[in-house]
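Visitor: Fold the following, please.
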Amino acid sequence: MDINKAIKILELLASGHSPATGEMINDESVLNERDVIRALQIAIDHLKTGGAEIRVDIEFPEDDIKNVFQLYKENEENPSVNSLVGFFLGTRKYINQNIVTNKLYGKFKNIYTKGQLLDYFTRYLLENRNEIDTKNFNNYRTVDFFQKEKFNKLSKEAINQLKDKINELGILKTENLSESVISSRKYHPRAYEHWSEKELELLAKAIKYTNDLDLLSECFQRGKGSIESCGQKIIHKSAISE
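Guide: Residues are numbered from 1 along each chain as shown. Model (predicted):
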């Protein structure tokens with residue numbers, strides 16, 4: 001294995017993705033522990049710089065951080081160290097287009113390394129943990145709909161109709177795909193495709209009849225993690241509006 005391939009694998013692991021499929025790694029995985037992420041990033045930076053010392057001084061506008069925290073809160077995203085680093089470097093993929101189209105997304109790409117920002121935000125979140133109100137972040141993660149006993153009330157005909165409607169949506173993201181996306185689409189043809197309003201509407205209807213992630217993954221041609229996350233947000237938003 002050459003260094004470039006090793007770097008790509010480590011970068012996927014550090015960003016919380018499987019190198020084999022590109023899917024998000026389970027939150028409980030040891031790979032999501034802060035020290036593990038930092039160790040991976042040190043290895044990545046070391047390989048990229050050939051062992052050269054990396055500068056750690058950072059000048060970061062406080063208003064930028066506050067604005068991103070507000071953006072996260074409005075869109076129910078979790079302000080973790082890893083997600084903040086991915087946001088400011090423009091490397092983290094978000095389902096919600098309100099986030100990736102924000103003017104701050106990718107602002108510090110090619111200015112700071114992942115390692116520098118990991119150190120910075122690790123310190124920042126620790127030093128400001130008493131001032132940061134996180135109670136409204138990622139409340140949707142508490143939705144246990146998909147962890148309950150599996151059920152399916154969709155008939156075979158309904159399943160086939162759902163599959164046909166998904167196929168009718170087509171796939172828009174087909175050019176300049178990364179290796180991880182290409183690899184993921186071998187198993188899930190719609191992986192990393194933006195969730196359109198129509199597709200979300202279909203998912204909202206489907207989860208009224210089933211919580212079977214294997215079945216939903218087959219119908220929507222996406223990974224179970226992506227479907228579960230979108231389904232949780234739909235249910236959480238519905239519960240708030242009731």
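Visitor: Tell me where the model's unsure across the chain.
Guide: 1-3, 22-35, 38, 46, 48-57, 95, 130-139, 239-242 (pLDDT under 70).
Visitor: Going along the chain, name the helices of it.
Guide: Using DSSP state H, the helices of the chain run over residues 3-14, 34-49, 62-74, 81-89, 97-100, 114-127, 156-169, 179-184, 197-206, 213-220, 224-241.
Visitor: what's the closest of those helices to residue 142?
Guide: helix 224-241 (7.9 Å; C-beta to C-beta). Placement of C-beta: from N, CA and C, glycine included.
Visitor: quick one: buried residues of that closest one?
Guide: 224-236 (16 or more other C-beta atoms under 10 Å).
Visitor: For the residue of the chain positioned farthest from its centre, give its distance to residue 8.
Guide: Most distant from the centre of the chain: residue 157, at 32.7 Å, with distances by C-alpha atoms, centre = their mean. Per C-beta to C-beta, to the nearest Å, residue 157 is found 44 Å from residue 8.
Visitor: Quick check: the residue farthest from the centre of the chain vs residue 163, distance?
Guide: Counting by C-beta to C-beta - residue 157 and residue 163 are separated by 11 Å.
Visitor: Quick check: can you list the domain ranges of this structure?
Guide: 1-54, 55-137, 140-241 (automatic domain parsing).
Visitor: Relative to residue 153, which of the buried residues of helix 224-241 is nearest.
Guide: Closest to residue 153, out of all of the buried residues of helix 224-241 and judged by C-beta to C-beta, is residue 231, at 15.5 Å.
Visitor: List the residues that contact the closest residue to the closest one other than its chain neighbours.
Guide: Among residues not flanking residue 231 along the chain, residue 207 sits closest, at 5.2 Å (C-beta to C-beta, 6 or more residues apart in numbering). Residues near residue 207 by C-beta atoms under 8 Å, 6 or more residues apart in numbering: 145, 216, 231, 234, 235.
Visitor: swap in residue 121?
Guide: Residues counted as contacts of residue 121 (C-beta under 8 Å, 6+ apart) are 81, 84, 85.
Visitor: okay, the residues you listed in TSV with neighbour count next?
Guide: Listed next are these as TSV, based on neighbours: other C-beta atoms under 10 Å:
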residue	neighbour count
81	20
84	24
85	27
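Visitor: Out of the residues you listed, which comes closest to residue 58?
Guide: Distances from residue 58 to these, taken by C-beta to C-beta, are shortest for residue 85, at 11.7 Å.
Visitor: With adjacent residues omitted, what lies nearest to that closest one?
Guide: Per C-beta to C-beta, 6+ apart, closest to residue 85 is residue 117, 4.3 Å.
Visitor: Hmm, the one you found is touching residue 82, no?
Guide: No. The pair residue 117 and residue 82 does not pass the contact test of C-beta atoms under 8 Å, sitting 9.8 Å apart.
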